[in-house]
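**Student:** build me a structure from this.
(chains A and B)
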Number of protein chains: 2
Amino acid sequence: MSEKASFYRHHVFFCCNQRPPGERVCCNDKGASELRDYAKQRVKQLGLAAPGKVRINQAGCLDRCEQGPCIVVYPDAVWYTYVDEEDIDEIIDEHLVKGKIVERLRIR
Amino acid sequence: MSEKASFYRHHVFFCCNQRPPGERVCCNDKGASELRDYAKQRVKQLGLAAPGKVRINQAGCLDRCEQGPCIVVYPDAVWYTYVDEEDIDEIIDEHLVKGKIVERLRIR
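**Tutor:** Numbers count the residues shown, from 1 in each chain, chains lettered A, B, ... in the order given. Predicted structure coming up:
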């Protein structure tokens, strides 16, 4: 079943789900959309935004709300949480550029 | 880098991007959101909607518009196009249930 060549080497999905006010907390309450935009821009600046390289996408609820805000990097199937641009930078620089998992931000 | 255990055995992303009228064709013009809803419902009925099993998500533009409407199944990194509920049924029954790639609908 596994595929050697993935169309995107790293395909990153940001949960950008927005729940109505009063419901349980969601990733978008914690800045998911803004940090997705930031990641997309930074990956573009680094020349990584292309087939064979990296794609940053928004996604609906990834159903890990309690651990969020969360992203998942495929095909690696590695999940992260993050707080700010510094965390996003580290995920980009370490995982997406160098291929090293950022254990500090990882969720399982 | 690769992980043995993926949080979802099959994590399926439907490109549900909607471009403004007059721009190039997009997945949502071809029924992506409706068929995502259909897939989500069917996976739930089959008892597959759970961690360790299957997750159906919407996503922003996966940037394969010309080949769309498209979905990608991770961590397998297998891409499909589809036309109708029958195609979605085949992807669910063959790939998500039995683990067999549906070559007829595959895009590379």
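**Student:** check the gap between the spatially most central residue of chain A and residue B:61 for me.
**Tutor:** The structure's chain A has its C-alpha centroid closest to residue A:71; by C-alpha atoms, centre = their mean the separation is 3.5 Å. Distance, residue A:71 to residue B:61, by C-beta to C-beta, to the nearest Å: 17 Å. In short, each C-beta sits where N, CA and C put it, glycine included.
**Student:** the residue nearest to the centre of chain A contacts residue A:14, doesn't it?
**Tutor:** Yes. Assessed by C-beta atoms under 8 Å, residue A:71 is found in contact with residue A:14 at 5.0 Å.
**Student:** mind listing the strands for chain A?
**Tutor:** Secondary structure of chain A (DSSP state E): strands at A:10-15, A:54-59, A:70-74, A:78-81, A:106-107.
**Student:** chain center to the first one, what's the gap?
**Tutor:** In other words, strand A:10-15. From the chain centre to the centre of strand A:10-15 is a distance of 4 Å (C-alpha atoms, centre = their mean, to the nearest Å).
**Student:** please apply the same query to the third one.
**Tutor:** Taking C-alpha atoms, centre = their mean, one finds the center of strand A:70-74 at 4 Å from the center of the full chain.
**Student:** what lines up beside it in the sheet?
**Tutor:** The pairing partners recorded for strand A:70-74 under DSSP bridges are strand A:10-15 (antiparallel), strand A:78-81 (antiparallel).
**Student:** now do the last one
**Tutor:** Looking at strand A:106-107 with DSSP bridges, its partner strands are strand A:78-81 (antiparallel).
**Student:** the strand it pairs with - what's its average pLDDT?
**Tutor:** In this model, strand A:78-81 has a mean pLDDT of 98.
**Student:** got the CA positions of it in PDB?
**Tutor:** Output of strand A:78-81 as PDB, limited to C-alpha atoms (Å, rounded to 0.1, in the frame of the first residue of the first chain):
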ATOM      1  CA  VAL A  78       3.700  13.400  12.400                       C
ATOM      2  CA  TRP A  79       1.400  15.600  14.500                       C
ATOM      3  CA  TYR A  80       2.400  18.900  16.200                       C
ATOM      4  CA  THR A  81       0.900  21.500  18.400                       C
END
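**Student:** list of residues touching it?
**Tutor:** Contact with strand A:78-81 is made by A:64, A:67-73, A:87, A:91, A:95, A:101-102, A:105-108, B:3, B:7, as judged by C-beta atoms under 8 Å, 6 or more residues apart in numbering or on different chains.
**Student:** what about 7 Å?
**Tutor:** A:67-72, A:91, A:101-102, A:105-107, B:3, B:7 (C-beta atoms under 7 Å, 6 or more residues apart in numbering or on different chains).
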